[in-house]
Each structure stands twice: as C-alpha cells, then as structure tokens.
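Asker: Need a 3D model of the sequence below.
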Amino acid sequence: MLSNTCKYGIRAIVYIAGKSNNGEKIGIKKISKDLDLPMPFLAKILQSLAKQKILVSLKGPNGGFALGKHPKDIHLEEVVKAIDGEDVFSKCVLHNYNCKSTDHEKIACTLHGDYVETRQQIEDLFKSKSVQNLVIAAKNSNDILI
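Answerer: I've put the predicted structure just below:
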C-alpha cells in the first residue's frame, strides 16, 4: 500500500522525533546507519520532507535534520500525502482512476465495494496518528526506531 519511499520517510521522522532533544539536528549519516537505509535515497526523501516544512534541514558540519513542528502536530496522513500523494486515499485498487470521483462513467473494480470501507479506515487511522503517538508506542515496545 505505501511505497518504500514513504515507509523510509515515516521511519526517519519517528527516529528524528525520538532522538532529537529541543530541535537538535541529527545528521543524515547517523540516521542512515541507525535505520540501515541507503544514504543517497534517504537524503532525497528527507529533503523532500524539508521542502514540505515537515522537517527542517541545515547544511554544514553542525547540520542535519530536525522536525519542522512539534511531533504531536505531524500526522501520518500529512507525511504520506507529502511523499506518496493523495492516491493512497483515493485511487482504485485495480484501475488507474480515482474511486472517490463523481465520474459515474467509470465502472467500479471488483474490489471496490470491499475496499471502500477499508480505505476510509486507513485514512482515518493516518489522520488520527501523530508522530508523537508513534514515538511513544516505539519507546513502549522497545522498537528499534528509537
């Protein structure tokens, strides 16, 4: 459902939120090493999130990445839309069109009826879960992200 790019982005944001103290920047090398993610690919993802103001970045010897706002104010939906776009919450599972459109000429795919409710539950979940929620859950479960 989510692209690897999106999964890496979420992992990195949760990592940064869990490791950063008072907006302290964390270097790309450390994030890449600790999360075992390829540095060039991760750098592109994090720069994209910085352009969306979800993260802030600073170049140079004391540079790195930090959250652009408080972790309770960053929800998964925002991150997913910034990386994968709106399609996760609107595109048909089997066809390449928007299931939420009002275009009645399109014939619903064979999974449409079953997937509509599931997609809405996923969207509601992503709207309700903040980065702070994920950091707390990761710390409570000894997840390797923190």
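Asker: CA only for contacts and neighbour counts going forward, please
Answerer: OK.
Asker: Flag every buried residue along the helix or strand of the chain with the lowest mean pLDDT.
Answerer: Lowest by mean pLDDT, DSSP states H and E among the helices and strands of the chain is helix 112-128, with a mean of 88. Neighbour counts over helix 112-128 (16 or more other Cα atoms under 10 Å) mark 116, 119, 123, 126 as buried.
Asker: helices and strands around that helix, which ones?
Answerer: If you count contacts as 3 or more Cα pairs under 8 Å, 6 or more residues apart in numbering; DSSP states H and E, helix 112-128 packs onto helix 76-84.
Asker: could you give the mean pLDDT of the helix it packs on?
Answerer: Averaged across helix 76-84, the pLDDT comes to 96.
Asker: Give me the buried positions along that helix.
Answerer: Using 16+ other Cα under 10 Å as the test for burial, helix 76-84 gives 76-80, 82-84.
Asker: Can you tell me which of those is closest to Leu67?
Answerer: Leu67 lies nearest to Val79 out of the buried residues of helix 76-84, by Cα to Cα, at 11.9 Å.
Asker: what's the closest non-adjacent residue to the closest one?
Answerer: Distance criterion Cα to Cα, 6 or more residues apart in numbering; nearest residue to Val79, sequence neighbours excluded, is Ile10 at 7.0 Å.
Asker: ok, the one you found - how many residues close by?
Answerer: Residues lying near Ile10 (other Cα atoms under 10 Å) number 20.
Asker: which element is it on?
Answerer: Element membership for Ile10 (DSSP states H and E) is helix 4-19.
Asker: List the contacts of the helix or strand following that helix.
Answerer: Next in sequence after helix 4-19, counting helices and strands by DSSP H and E, comes helix 28-35. Residues from elsewhere that reach helix 28-35 (Cα atoms under 8 Å, 6 or more residues apart in numbering): 11-12, 15-16, 37-39, 42-43, 64-65, 145.
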